[in-house]
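Participant: Quick one: sequence plus predicted model below, questions after.
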Amino acid sequence: MSTATPLSGKELAAAIRTSAADRAAHLTAAGRTPKLTVVTATDDPSSAWYVRSIAKAATKAGIVCDIADLRPDSTPDAIRATLEKLSADDGVHGIILQTPLPAGAALEDLASAIAFAKDVDGANPLSLGRLAAGLPAFAPATAQAVVALLDHHGVELAGRHVTVIGRSNVVGKPAAHLLLARNATVTVCHSRTADLSAITSRADIVVAAVGRAGLVTAEHVRPGAVVIDVGTNPTEDGGLTGDVDAASVTPLAAALTPVPGGVGPVTTALLLDHTVRAASEEATTPS
Ligand SMILES: Nc1nc(=O)c2c([nH]1)NC[C@@H]1CN(c3ccc(C(=O)N[C@@H](CCC(=O)O)C(=O)O)cc3)C=[N+]21
């Protein structure tokens, strides 16, 4: 029986970090050290892990990382005021607002207060709209990581059928736009999709971005398909598991991204790349 090739994100992430560090050093030499501010208003452990990992990777790459640690009981107005202040601060090049947010605060709404040029995680609806229109904008790092990983491993996109499971504004929707821009035929499925497995099992490439451990099983995957697992679900033993039931999918898929070690590391690396680009005043449309 064949078994899925693991599509590691570690080597690609390292290459992106090295390139970002190199460009950060040039900016520092020119008196413009890149600075990222992470705004967080949650006690969620997986978000806290991500914030620490961003800070560590940024520091290593010569990027200054500030954390604006707001209380989980912050009001939407207080979060918005913080984002407006950072947007007006010439010393800050990149801003990311962590999810989850306190009850009553919506990312789509608050992110409008992130200056477009500093929106390094593509959260401002303006960025998503421009991405959809094929105009320069930062894509959400996770959505871009999906395409970057497929490219890195030489998976052809033009003319292939990609099914994205999940329609969030931070992953599913922007990933669909990035894949469309690469001439894939894209189907977007979600929690109200009828007969999910009938649709996903026709895809050449399945992107699982739901946030539910083990949702994607053998019945969802055509033999020989490539499977990208975006899920980072905490396990009881303090580990991390994806949206894909790797045990059942591995024997039939051609390739599968591991969790951990797949999309996650590339996401963090791309956030640094975006911050360096923001400091160099280059908005990008990822290809
Ligand atoms: N505005 C916003 N954007 C985000 O992108 C965002 C967010 N909020 N809130 C929290 C989640 C979580 N997230 C992860 C990113 C990388 C790893 C990652 O690199 N994980 C490692 C391993 C972690 C481990 O082993 O514990 C890996 O997959 O190899 C995990 C989780 C981004 N998030």
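Facilitator: Yep, that arrived. It should be emphasised that the depicted structure is a prediction, and the values quoted were computed from it without experimental measurement.
Participant: can you tell me the helix or strand for residue 65?
Facilitator: Secondary structure from DSSP states H and E places residue 65 in strand 64-69.
Participant: my bad, residue 187
Facilitator: Residue 187 is part of strand 185-189 when elements are defined by DSSP H and E.
Participant: buried residues in that strand?
Facilitator: 186-189 (16 or more other CB atoms under 10 Å). For glycine as for every other residue, the C-beta is placed from the backbone atoms N, C-alpha and C.
Participant: Of those, just say which sits nearest to the ligand.
Facilitator: Each of the buried residues of strand 185-189 was scored against the ligand by CB to the nearest ligand atom, and residue 188 proved nearest at 19.0 Å.
Participant: beta partners of that closest one?
Facilitator: Beta bridges link residue 188 to residue 164, judged by DSSP bridges.
Participant: these two touch, right, it and residue 176?
Facilitator: Yes - using CB atoms under 8 Å, residue 188 is in contact with residue 176, at 5.2 Å.
Participant: Give me the common contacts of these two.
Facilitator: Residues touching both residue 188 and residue 176 (CB atoms under 8 Å, 6 or more residues apart in numbering) are residue 164.
Participant: Tabulate the buried residues of strand 185-189 (a markdown table), appending distance to residue 134 and pLDDT.
Facilitator: Converted to a markdown table, the buried residues of strand 185-189 look like this (distance: CB to CB, whole Å; pLDDT from 0 to 100):
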| residue | distance to residue 134 | pLDDT |
| --- | --- | --- |
| 186 | 14 | 98 |
| 187 | 20 | 98 |
| 188 | 18 | 98 |
| 189 | 24 | 98 |
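Participant: Let's have those residues in TSV, adding distance to the ligand.
Facilitator: Shown next, in TSV, are these (distance: CB to the nearest ligand atom, whole Å):
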residue	distance to the ligand
186	21
187	23
188	19
189	21
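Participant: now, among those residues, which is nearest to residue 55?
Facilitator: Nearest to residue 55 among the buried residues of strand 185-189 is residue 188, at 33.0 Å by CB to CB.
Participant: thinking again about what came up before, show me the contact partners of the strand holding residue 187.
Facilitator: Here strand 185-189 makes contact (CB under 8 Å, 6+ apart) with 159-167, 172-173, 176, 179-180, 196, 199-200, 203.
Participant: For the stretch 1-150 of the chain, what lies in contact range of the ligand?
Facilitator: Residues of the stretch 1-150 of the chain found near the ligand (CB under 6 Å from any ligand atom) are 46-47, 49-50, 96-99, 121, 123, 141-142.
Participant: What remains of those residues if I keep only buried residues?
Facilitator: Looks like these have 47, 50, 96-99, 121, 123, 141-142 buried, using 16+ other CB under 10 Å.
Participant: For the residue of the chain found nearest the ligand, report the pLDDT, please.
Facilitator: In the chain, no residue comes nearer to the ligand than residue 264, which is 2.3 Å away by CB to the nearest ligand atom. Predicted confidence (pLDDT) at residue 264: the value is 97.
Participant: Taking strand 64-69 as reference, get the angle to the helix or strand hosting it.
Facilitator: Here residue 264 sits within helix 263-279, counting by DSSP H and E. Comparing the axes of helix 263-279 and strand 64-69 via axes from the mean of the first three to the mean of the last three CA atoms, to 10 degrees yields an angle of 110 degrees.
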